[in-house]
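A.B. asks: Sequence first, predicted model second:
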Amino acid sequence: MGKPLLQLLRYGVVGVVTNLALYLFYLLITYLGIEPKMAMTIAYVVGALIGFVGHRQWTFSHKGALLGSGARYCIAHFFGYLINFLILLTFVDTLGYSHRLVQAAAIIVVAGFLFVTFRYFVFPKTEHRGGNHE
């Protein structure tokens, strides 16, 4: 199995487990009265914090600087959050669709964006002294 396919598989495992738990949490807190965009914000931040370790160490086996990858991770998630927020704003607040269905679809859209961003921007290949790539 090639490295990109293995990374995608690992990303999927971490993502499915994390996002399923967070989506159920989202449904619970919206049921309890938290507004959908606020509930998404809470779930998003929790998921981003949990995901950093899993994706850095297991999905991408990144050996680069922690501070640099952490800063890039925050930038990637800022844009992922913005995409998610705009999807909810457009499809729930403006067009009137169910927030439950829209958030489920938004998870998939944002996950695709983040995989590409993580692979090429957040956790890129690092060079070793011999010039070999990971």
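C.D. replies: Structure received. Numbers count the residues shown, from 1 in each chain.
A.B. asks: before we move on, which element is residue 8 in?
C.D. replies: Here residue 8 is covered by helix 3-31, with elements defined by DSSP states H and E.
A.B. asks: what about the chain, any weak spots by pLDDT?
C.D. replies: In the predicted model, the chain carries pLDDT under 70 at residues 126-134.
A.B. asks: Now residue 26: closest residue in space, sequence neighbours ignored.
C.D. replies: Of all residues not flanking residue 26 in the chain, residue 43 sits nearest, at 4.6 Å (C-beta to C-beta, 6 or more residues apart in numbering). (Each C-beta comes from the backbone N, C-alpha and C, glycine too.)
A.B. asks: thinking residue 34 is in contact with residue 42, fair?
C.D. replies: Yes - at 7.4 Å, residue 34 counts as touching residue 42 under the criterion of C-beta atoms under 8 Å.
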